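Q: Structure for this input, please:
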Amino acid sequence: MLKKVISALLIIVVISQEEEPFKLPSLNGNAFFADPFANHDGIGSIWGLSSSSKGDGSKFDGRWAIEGNSANPKDLGLVAKDKARHHAISAKLNKKVEFTDLNDAQKQFVVQYEVKYQDTMECGGSYLKLVAEADEEFSSDTFNDKTLYSIMFGPDKCGLESRIHFIVNYKNPITGSVDEKHAKASSDFKVNFQ
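A: Reported below is the predicted structural model:
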């Protein structure tokens, strides 16, 4: 009897480990931007590289690629290729976001992205920035850490400290000054950088 039960359990395990074929997500609706990374050709066409420098003078010289991950090589995404380098890449939205038009409960603005570290992270961040409207037209080439943004969020780690940044820049309609608002960190939230 025991041998029959063990055989049945082994069959169940083998069946449950069969791999489903990878399917690109379907993109329905009126999206401001979405990139399902359907191929390796997005850098230079959809995604633009920055050749600018950070405020401290260091260059954004990290290389980028569109590759699969170890769990599923067909599931493509942006990959920062160089350790200990600054990386900056950007893509334009399909249309302008009018935040004042999104105050109705029926109109939601969802920003979502996934970060998967393929190697252990020692120190760095993976931020997503929604660039604010400026007097001059946005250029991927000049995109840097000082580029004005409306929303910035993403994981950050250095040493034993890890957190998720969520920052909103709000322009006061009366004074024109921009205030930076930081979400308070949750004490029970941990980021896994492995």
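Q: Could you pull up the mean pLDDT of stretch 149-164?
A: What stretch 149-164 shows for mean pLDDT is 86.
Q: Which parts of that stretch count as buried, going by neighbours?
A: 149-157, 162-163 (16 or more other CB atoms under 10 Å). No exception for glycine: its C-beta is placed from N, CA and C like everyone else's.
Q: List the contacts of that stretch.
A: 97, 99, 111, 113, 115, 121-132, 165-169, 185, 189-191, 193 (CB atoms under 8 Å, 6 or more residues apart in numbering).
Q: which of the residues you listed count as buried?
A: 97, 121, 124-127, 129-131, 165, 167-169, 191, 193.
Q: can you tell me which helix or strand A65 belongs to?
A: Assessed by DSSP states H and E, A65 sits inside strand 64-67.
Q: Listing partners with orientation, what would you give for that strand?
A: Strand pairing for strand 64-67, determined by DSSP bridges: strand 77-80 (antiparallel).
Q: The partner strand: what's the following helix or strand?
A: strand 89-90.
Q: Can you list the neighbours in contact with that following strand?
A: 43, 47-50, 64, 78, 131, 138, 140, 143.
Q: any chance of these in JSON lines, plus pLDDT and distance to V178?
A: As requested, the contacts of strand 89-90 are exported to JSON lines (pLDDT from 0 to 100; distance: CB to CB, whole Å):
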{"residue": "I43", "pLDDT": "89", "distance to V178": "31"}
{"residue": "W47", "pLDDT": "92", "distance to V178": "27"}
{"residue": "G48", "pLDDT": "92", "distance to V178": "25"}
{"residue": "L49", "pLDDT": "93", "distance to V178": "27"}
{"residue": "S50", "pLDDT": "93", "distance to V178": "22"}
{"residue": "W64", "pLDDT": "91", "distance to V178": "29"}
{"residue": "L78", "pLDDT": "89", "distance to V178": "28"}
{"residue": "V131", "pLDDT": "88", "distance to V178": "13"}
{"residue": "F138", "pLDDT": "86", "distance to V178": "17"}
{"residue": "S140", "pLDDT": "91", "distance to V178": "22"}
{"residue": "F143", "pLDDT": "90", "distance to V178": "18"}
